[in-house]
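In: Following is a predicted model, sequence given first.
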Amino acid sequence: MIEQKHLDEARAAAWRYWQTLERDPGRGHVTAGNGPVVIVDAQALAITLPEILDDLLGGAGSNLTIYSFGKSYGVAAAQHFQTWSVAQGKDDESGRYGALYWPMHAGLAPRVTILEAHAVPHVRFLIEIADGVLNQIRSARGLDTKPARMFVSGVVSGALATALERPLEARELPGTKGSYRIVVAPAEILAQDLEDPALAAPIESFRNAIVLEAGAP
């Protein structure tokens, strides 16, 4: 459903985008892709925000809000990247899929692996996400990493939904040490029981897995 050559183009475009990051501390400006961006302290995102939301909304409400925040961020990142790509004369698949590399470049995850992707009978992705800095900060404090996982799951589902122009959501699955898995699909599909042996299979069993990582093209 997503061709490797298009992801290669997207990876190269994402690398070029992040090379435009510039800071001007004297004026309090940070830009990337010819537009303003905001740098958020990782500890504030990993510790302070979940604590505030937990106090206000309780654990379940906090996690849902963090997921929604992550998804909104993923959608905004994808739209911003597409706009930048068009301005660069790259109105192609690199602009469509470039934001899939956002979590890696922004430090949210070192690696995202698409284990399976299906278009019929409905769109569904099985994705493995390596623990990023937010998980590590919470783990170092002896805290549950659920809020960090929910945020990154939201970012990934938002970027995919924007790229494919489909309403998609994410559901987390049990993972292994150092990573976790999500299913990204339409909400009505996620509401069903996903009894599929592949969901628990080791990563080595997926021959055509697509690995997304940041870095020079």
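Out: Arrived safely.
In: going forward, measure contacts and count neighbours with C-alpha atoms only.
Out: Will do.
In: Can you pull out the low-pLDDT segments for this structure?
Out: 175, 216-217 (pLDDT under 70).
In: sec struct for the spatially most distant residue from the centre of it, please.
Out: Distance from the centre of the chain peaks at residue 26, with 31.5 Å (C-alpha atoms, centre = their mean). Of the three states, residue 26 takes coil under DSSP: H, G, I helix; E, B strand; the rest coil.
In: From residue 66, how far out is residue 211?
Out: 25 Å (C-alpha to C-alpha, to the nearest Å).
In: swap in residue 10?
Out: Look at residue 10 and residue 66: by C-alpha to C-alpha, they are 27 Å apart.
In: Please apply the same query to residue 53.
Out: Distance from residue 53 to residue 66, by C-alpha to C-alpha: 8 Å.
In: Same drill for the two, tell me which one is more crowded.
Out: residue 66 (25 against 18; other C-alpha atoms under 10 Å).
In: these two touch, right, that one and residue 149?
Out: No. Contact criterion C-alpha atoms under 8 Å: residue 66 and residue 149 do not qualify, at 9.5 Å.
In: and residue 125, that one's in a helix?
Out: No. Using three-state DSSP, the assignment for residue 125 is strand, not a helix.
In: Near it, how many residues? Count them for me, please.
Out: Neighbourhood size, residue 125 [other C-alpha under 10 Å]: 21.
In: Please name the residues that touch it.
Out: 114-118, 183-185 (C-alpha atoms under 8 Å, 6 or more residues apart in numbering).
In: and if you look at residue 52?
Out: Contacts of residue 52 by C-alpha under 8 Å, 6+ apart: none found.
In: I'd like the distance between the residue positioned nearest the centre of the chain and residue 22.
Out: For the chain, the residue nearest the mean C-alpha position is residue 156 (2.8 Å; C-alpha atoms, centre = their mean). Applying C-alpha to C-alpha, the value for residue 156 to residue 22 is 25 Å.
In: which of the residues in the lengthiest helix in the chain are buried?
Out: Secondary structure assigned by DSSP state H gives helix 49-87 as the longest helix of the chain. By 16 or more other C-alpha atoms under 10 Å, the buried positions in helix 49-87 come out as 50-51, 53-54, 59, 62-79, 81-85.
In: which other residues reach the next helix or strand after that helix?
Out: Once the chain leaves helix 49-87, the next helix or strand it forms, by DSSP states H and E, is helix 93-97. By C-alpha under 8 Å, 6+ apart, the residues outside helix 93-97 that reach it are 6-13, 78, 81-86, 159-160, 162-163.
In: redo that, cut-off 7 Å
Out: 6-7, 9-10, 13, 81-82, 85, 163 (C-alpha atoms under 7 Å, 6 or more residues apart in numbering).
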